Structure formats: structure tokens, C-alpha cells
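Chemist: Got a sequence here, can you model it:
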Amino acid sequence: MRPVNFELCKNFYERLVFEEITARAAGTPLAFDADALEDVACLALNQLPVRYVRFAVDASFYMEQKERVELEGAVAEAVSRAMAFVSANPRETGVR
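Modeler: Below you'll find the model as predicted:
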């Protein structure tokens, strides 16, 4: 029996949120503030349900198109709210 690798259990939303943040932050002041982007990621992920998978590609493959569209919309909305909050509430020590 191979050793159990719990590191394979990942929140399906993480990659989607990170990609959305990267795309939206490009060309904004947030793009140059790693602390702010990490805060955005945490705030956005906390707005979404947890969905653990071992392999994200398998979850995507078995997901219906309607579910995928709804999921992407939820990610976009969560990231928008998180970016607005972080932008409106800069840290005192941040670059912002």
C-alpha cells in the first residue's frame, strides 16, 4: 500500500480564484501589492463554499456546463467584492 498523501486534497475554488485575481489585478495598483492580493484571495475564498477534490481536471470534466457557468459567476462576484473591500480599506503599512 502506498503512503496516504492528503496534500492531493485541494479546494477546487482556489485555482479559479487565483486566476481571476491575477487577470483582474493586471494594470491596477493592487497588482504591485502582494499583501493586498493575498488578502483578496482569502476574502474571496471565504465567500465561496468549500469544494474539495483530488484532481481539479476530473471535477471540471464531470461538471455540467450550467454548473460551470454558475461557479465562474460566483468566483467573479466574490473576487469583485474582495477587491473592492481591500481597495477601500488599505493596510497602514501597505504600498497602497
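Chemist: pretty sure E72 is touching V17, no?
Modeler: No: using C-beta atoms under 8 Å, E72 is not in contact with V17, being 10.8 Å away. Backbone N, C-alpha and C define where each C-beta goes, glycine included.
Chemist: Which helix runs longest in the protein?
Modeler: helix 65-88 (DSSP state H).
Chemist: list the helices and strands that helix packs on?
Modeler: Helices and strands touching helix 65-88, as assessed by 3 or more C-beta pairs under 8 Å, 6 or more residues apart in numbering; DSSP states H and E, comprise helix 12-25, helix 34-47.
Chemist: With respect to R81, which of these lies nearest?
Modeler: helix 34-47 (6.6 Å; C-beta to C-beta).
Chemist: Which neighbours in the sheet does the very next helix or strand once past the closest one have, and how are they oriented?
Modeler: Of the helices and strands lying after helix 34-47 in sequence (DSSP states H and E), the nearest is strand 52-53. With DSSP bridges as the test, strand 52-53 is paired with strand 10-11 (antiparallel).
Chemist: Any chance you could list what contacts stretch 83-96?
Modeler: 21, 24-25, 29-30, 32-33, 35-36, 39-40, 43 (C-beta atoms under 8 Å, 6 or more residues apart in numbering).
Chemist: for stretch 32-47, the distance to its chain's centre please.
Modeler: Computed by C-alpha atoms, centre = their mean, to the nearest Å, the separation of stretch 32-47 from the middle of its chain amounts to 8 Å.
Chemist: And for stretch 55-71?
Modeler: With C-alpha atoms, centre = their mean, you get 16 Å for stretch 55-71.
Chemist: re earlier: switch the helices and strands packed on helix 65-88 over to a markdown table; also include mean neighbour count and distance to R2.
Modeler: Putting those into a markdown table (neighbours: other C-beta atoms under 10 Å; distance: least, C-beta to C-beta, whole Å) gives the following:
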| stretch | mean neighbour count | distance to R2 |
| --- | --- | --- |
| helix 12-25 | 18 | 24 |
| helix 34-47 | 18 | 30 |
